[in-house]
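>>> Please work out how this folds:
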Amino acid sequence: QLQLVESGGGLVQPGGSLRLSCTASGFTLDSNNIGWFRQAPGKEREGVSCISNRTGRTSYADSVKGRFTISRDNAKKTVYLQMNNLKPEDTAVYYCAPDCVEVLVGSWGQGTQVTVSS
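All right, here's what the predicted structure looks like:
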C-alpha cells in the first residue's frame, strides 16, 4: 500500500529553520514526482514545492522561493523540505503527496504542523 508519512514539524521563532521529512512505503520514491503542500487555518491547501522523479528538477511557490529547498534521497525513500528564515505566514499543516498537482492526489496523510511564532 502506497503511503507517505510526514514528520519534522514543530514550533519555531521567526527567522528559524526546520527540516521536514516525507518517508515513503509501498513504492519506490523515484517512481513519482513528490509535492509538498500546506494548509493554514481558514485557508485552502496550496502547493509549496515539487521535485521531479525523472529529472530531479525542483519548483517552488513564489512565497517560499529562496527560503525553502526540496531534496530527495531515494536510498532512504525520503523527500526533505528544508525551510529557512521562517515567517509567521508559513504557519500551516504541511503535507507531502505522490504528485505535484493537487487535484490528482487521491488521499492525504496526517501532515505535520509547523508553527512560526515568537
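
>>> contacting residues around stretch 73-84?
17-25, 28-30, 34, 36, 48-49, 51, 64, 67-72, 90, 94, 96, 114 (CB atoms under 8 Å, 6 or more residues apart in numbering). For glycine as for every other residue, the C-beta is placed from the backbone atoms N, C-alpha and C.

>>> Show me where this structure has its strands.
3-7, 10-12, 18-25, 34-39, 46-51, 58-60, 68-73, 78-83, 92-97, 112-116 (DSSP state E).

>>> Let's have those strands in JSON lines, adding distance to V103 and mean pLDDT.
Converted to JSON lines, the strands of the chain look like this (distance: least, CB to CB, whole Å; pLDDT from 0 to 100):
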{"stretch": "strand 3-7", "distance to V103": "17", "mean pLDDT": "94"}
{"stretch": "strand 10-12", "distance to V103": "30", "mean pLDDT": "98"}
{"stretch": "strand 18-25", "distance to V103": "19", "mean pLDDT": "95"}
{"stretch": "strand 34-39", "distance to V103": "12", "mean pLDDT": "97"}
{"stretch": "strand 46-51", "distance to V103": "11", "mean pLDDT": "97"}
{"stretch": "strand 58-60", "distance to V103": "17", "mean pLDDT": "97"}
{"stretch": "strand 68-73", "distance to V103": "20", "mean pLDDT": "96"}
{"stretch": "strand 78-83", "distance to V103": "20", "mean pLDDT": "97"}
{"stretch": "strand 92-97", "distance to V103": "11", "mean pLDDT": "97"}
{"stretch": "strand 112-116", "distance to V103": "22", "mean pLDDT": "98"}
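
>>> Using CSV, lay out those strands together with mean neighbour count.
Formatted as CSV, these follow (neighbours: other CB atoms under 10 Å):
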stretch, mean neighbour count
strand 3-7, 18
strand 10-12, 14
strand 18-25, 19
strand 34-39, 22
strand 46-51, 20
strand 58-60, 15
strand 68-73, 18
strand 78-83, 22
strand 92-97, 23
strand 112-116, 18
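
>>> All good on my end, thank you.
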